[in-house]
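**Student:** Would you be able to build a 3D model of this:
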Amino acid sequence: MHQVPLYINGEFSQSQSDKWLDVVNPANQEVLAKVPCATNEEVQAAIHSAQEAFKTWRNVPVTERARIMMRYAALLKEHQEEIATIICHELGKTFEDAKGDVWRGIEVVEQACNAPSMMMGETVENVARNIDTYSYTQPLGVCAGITPFNFPAMIPLWMFPMAIVCGNTFVLKPSEQDPLTPMRLVELFEEAGAPKGVLQVVHGSKDQVDQILEAPEIRAVSFVGSCGVGQYIYSKGTQNLKRVQACVGAKNHMVIMPDAKKEQVINNLVGSSVGAGGQRCMGISVAVFVGQSQQWVDELKDAMAKVRPGVWDDPEAAYGPQTTPQAKARILSLIDSGKQQGATCLLDGSEFTVEGYENGNWVGPTLFSNVTTDMDIYKEEIFGPVLCCVFVDSLDEAITLINNNPYGNGTSLFTASGGAARKFQREIEVGQVGINIPIPVPLPFFSFTGWKNSFYGDQHTYGKQGVRFYTETKTITSRWFDDEAVSGPNMSINLR
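**Tutor:** Predicted coordinates:
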């Protein structure tokens, strides 16, 4: 049985832990590998190695750091399909979806190549007579990242390339459910020329996360995951005087106006609601039909009924299994609650199986109509291939509905009206808005900007805010005397 190694001080090494977890293929429950819960000593060794490496890495010119990222991006592109295949086995994604996972991470690495311009400070000459003020952007030190199961390539690549290119060193704690993908990312990063110690990888669960959150050497922590865990990490991290950015839960709505293009609406709703098995924090889980557009629900049902989950190399499969039997059980429980609480189940995927893979964590496309805001299927993030339909009479009513929801990760509006689009994007209280775009995840020269209970922190992930999160600003005010004149003491705070 393959044992997933740690990566400490530039070396892949076997953990001495006595606690190991199974890495399981969710399509058939095959155990692919064992991943360790690193010992306290191993986690501390990783942190110490990162701290030592920072002493020299911070002084490497930003252009040299960027060139490593250029080589890394090229290697990731070269090995994109290989990495995607690893994702397919340990997470169950379809091949095309897995390749997309890798590509969206590559885009962030490409943005990291722009570090020289992103790290530029500001200058004002002669702020007072013969006095200039300028600023430098400098790294924090040791940073850490805690990543979820659903994007094992993209989300680690959101974090460590940006932190490292800014001059920091990094400790990564990837999801214990699919650690094989991030370990391949690390191998390629080493091949790209990353110096020993700038990146460390430790595995585990809550105990290892707590050690990271409590370590005084770690200055900043990035997290993506569930609300409850994110609240815990943000609270504990900030109590230990760290910067924390925590991207957490969501309940994303798509608003459909009667003037929208029906075929586009239906196709985009199907893809954005059940794609990746619904295991996307930016996926659409609520369709808000305005006025006469609710007449399209039957055609939506027919379209959803045509898609099905399957194994990764089945070209007809629309998405893969749920990540664990426990995740499947939770989804089925919420589907049952929707039926019990009065929603109309138009399409029920609870009993879906795939021939030859009956032990897989399968859930078929599921569609509810007549959903109300007091139902569990509306209030909770289902994180499965379940779409809830809500009916309202006006765009104003739709905006109020969304603004009253505690989450604010993503939303979208489908319409042919520029006026409706402008009103929606102006008044909606959600951080990422799509106009005729169902999943408005921004490209990495913008930041990933969830609002409300979808994000805890001040500076968001990647883009300009990501650089600010991983750096400090140092401001220098200087004067050089050019004559022998000496004035008397300046007893005020004014520059002169």
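
**Student:** Model confidence at Asp483, what's the number?
**Tutor:** With respect to pLDDT, Asp483 has a value of 69.

**Student:** Likewise for Ala260?
**Tutor:** Here the pLDDT value assigned to Ala260 is 98.

**Student:** Next: Val392.
**Tutor:** According to the model, Val392 scores 98 on pLDDT.

**Student:** ok, it to Glu358 distance?
**Tutor:** Separation of Val392 from Glu358 (CB to CB, to the nearest Å) stands at 41 Å. (Each C-beta comes from the backbone N, C-alpha and C, glycine too.)

**Student:** Give me the more crowded residue out of these two.
**Tutor:** A side-by-side neighbour count of Val392 and Glu358, using other CB atoms under 10 Å, places Val392 first with 18 against 9.

**Student:** quick one: the more buried one and Thr461, what's the gap?
**Tutor:** Applying CB to CB, one obtains 32 Å for the distance of Val392 from Thr461.

**Student:** Ile83 now?
**Tutor:** Here the distance between Ile83 and Thr461 works out to 21 Å (CB to CB).

**Student:** same deal with Ser492?
**Tutor:** If you measure Ser492 against Thr461 using CB to CB, the figure is 44 Å.

**Student:** Which one's more surrounded, those two?
**Tutor:** The residue with the greater number of neighbours, taking Ser492 and Thr461 and applying other CB under 10 Å, is Thr461; the counts read 26 against 7.

**Student:** Ramachandran angles for that one?
**Tutor:** Listed backbone geometry of Thr461 is phi -80, psi 140, with angles given as degrees, to the nearest 10.

**Student:** where do the helices sit along the stretch 351-496 of the chain?
**Tutor:** 376-379, 395-403, 418-427, 463-469 (DSSP state H, counting those that start in this stretch).

**Student:** in the stretch 51-200 of the chain, which spans are helices?
**Tutor:** Taking DSSP H, counting those that start in this stretch as the criterion, the stretch 51-200 of the chain carries its helices at 62-78, 80-91, 95-112, 115-118, 154-165, 180-191.

**Student:** Can you tell me which of those helices is most buried?
**Tutor:** Neighbour counts averaged per stretch over these are highest for helix 154-165, at a mean of 28; criterion: mean count of other CB atoms under 10 Å.

**Student:** helices or strands next to it in the packing?
**Tutor:** Of the remaining helices and strands, those touching helix 154-165 by 3 or more CB pairs under 8 Å, 6 or more residues apart in numbering; DSSP states H and E are helix 62-78, helix 95-112, strand 142-146, strand 169-173, helix 180-191, strand 218-224, helix 463-469.

**Student:** The ones you listed into a markdown table, with extra columns for mean pLDDT and distance to Arg129?
**Tutor:** As requested, the helices and strands packed on helix 154-165 are exported to a markdown table (pLDDT from 0 to 100; distance: least, CB to CB, whole Å):
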| stretch | mean pLDDT | distance to Arg129 |
| --- | --- | --- |
| helix 62-78 | 98 | 33 |
| helix 95-112 | 98 | 41 |
| strand 142-146 | 98 | 41 |
| strand 169-173 | 98 | 42 |
| helix 180-191 | 98 | 50 |
| strand 218-224 | 98 | 38 |
| helix 463-469 | 96 | 32 |
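
**Student:** Now tabulate these in TSV and tack on distance to Ile331.
**Tutor:** Formatted as TSV, the helices and strands packed on helix 154-165 follow (distance: least, CB to CB, whole Å):
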stretch	distance to Ile331
helix 62-78	32
helix 95-112	18
strand 142-146	24
strand 169-173	26
helix 180-191	23
strand 218-224	20
helix 463-469	32
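
**Student:** These: which one's closest to Trp296?
**Tutor:** Each of the helices and strands packed on helix 154-165 has some distance to Trp296 by CB to CB; the shortest is helix 95-112, at 25.8 Å.

**Student:** Report the angle between the closest one and helix 154-165.
**Tutor:** Between the direction of helix 95-112 and that of helix 154-165, the angle (axes from the mean of the first three to the mean of the last three CA atoms, to 10 degrees) works out to 10 degrees.

**Student:** ok and helix 95-112 relative to helix 62-78, angle-wise?
**Tutor:** 170 degrees.

**Student:** Can you name the residues in contact with helix 95-112?
**Tutor:** The set of residues that contact helix 95-112 without belonging to it, under CB atoms under 8 Å, 6 or more residues apart in numbering, is 66, 69, 72-73, 76-77, 80-81, 83-85, 87-88, 91, 93, 151-158, 161-162, 165, 185, 275-276, 312-313, 319-320, 441, 443-445, 462-463.

**Student:** Stretch 296-309 now?
**Tutor:** Under the criterion CB under 8 Å, 6+ apart, external residues in contact with stretch 296-309 comprise 256, 262, 265-267, 269-270, 273-274, 277, 287, 289, 316-321, 346-347, 352, 354, 362-365, 367, 369, 385, 387, 389.

**Student:** Can you flag which of those belong to strands?
**Tutor:** Ile256, Ala287, Phe289, Leu346, Leu347, Leu367, Ser369, Leu387, Cys389 (DSSP state E).

**Student:** now, which of these sits nearest Val171?
**Tutor:** Closest to Val171 out of the ones in strands among the contacts of stretch 296-309 is Leu387 (38.3 Å), distances taken as CB to CB.

**Student:** ok, the closest one - how many residues close by?
**Tutor:** Other residues lying near Leu387 total 29 when counted by other CB under 10 Å.
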